[in-house]
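K.L.:
Here's my sequence, what's the structure:
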Amino acid sequence: DALAAEVDLPATQVLALFNKSIKKLGGALRKIEEGAAEAELREQERLGDEAMAAVQRRAAANAGNSLEADMEDGAREALAKLQGGGSGSGKKAGKKQLEALEKLDVMQYAVKGSDADWQAALKKGSRGNVQIATSAKKRKVSFDGEDEGTHTEATDAKKKARKAGGKKKKKRA
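P.N.:
Numbering: from 1, shown residues only. Coordinates of the predicted model:
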């Protein structure tokens, strides 16, 4: 009311002008924020392009190397990053990661097949899945190690019924 008397305008008009100025201020702040986000996206794209170029240069340099040699190079680079990773807490984190990696059994994730197997599979020209014949046999599930509480005569009867030709239908009275 004091402001309305000071500018000699009705209170409703003062509130309307205040609302309009707040909207303009909000729009200006939004433009500043959008500009900063756009600049950040451009920077990420630039860094992404540089990383892609580095990967392509590395691939061109390793074109004559075998898969094992390329894997060893990558392992050396990763170890160098983990061991020499900066100062202070960065080194501690790198050492912790290295210790955790040494404890893992990573050979369970190894890709099966020799270079010759992979070359033969890739020459077939399939665009979908590539299959490599493995020498490992499939393991069979045995019921010898079942717990006594889970193995009942009812489960034996169900197994026999399935082998005999499916479930028998019960007659309703």
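
K.L.:
What count of nearby residues applies to residue 8?
P.N.:
Neighbour count for residue 8, taken as other C-beta atoms under 10 Å: 6. Using the backbone N, CA and C atoms, a C-beta is placed for each residue, glycine as well.

K.L.:
For it, give me its contacts.
P.N.:
Residues near residue 8 by C-beta atoms under 8 Å, 6 or more residues apart in numbering: none.

K.L.:
Look up phi and psi at it.
P.N.:
phi 60, psi 50 (degrees, to the nearest 10).

K.L.:
pLDDT score assigned to it?
P.N.:
Note for residue 8: predicted pLDDT of 87.

K.L.:
ok, now how distant is it from residue 93?
P.N.:
66 Å (C-beta to C-beta, to the nearest Å).

K.L.:
Then residue 10?
P.N.:
From residue 10 over to residue 93 (counting by C-beta to C-beta), the distance is 64 Å.

K.L.:
between those two, who's got more neighbours?
P.N.:
Neighbours were counted for residue 10 and for residue 93 using other C-beta under 10 Å; residue 93 has more, 13 against 10.

K.L.:
Extract the residue ranges of the protein that are flagged as low pLDDT.
P.N.:
The chain contains residues with pLDDT under 70 at 62-65, 84-91, 125-128, 130-156, 165-173.

K.L.:
would you list every one of the helices in it?
P.N.:
With DSSP state H, the ranges of helices along the chain come out as 2-7, 11-61, 67-83, 89-103, 115-123, 153-164.
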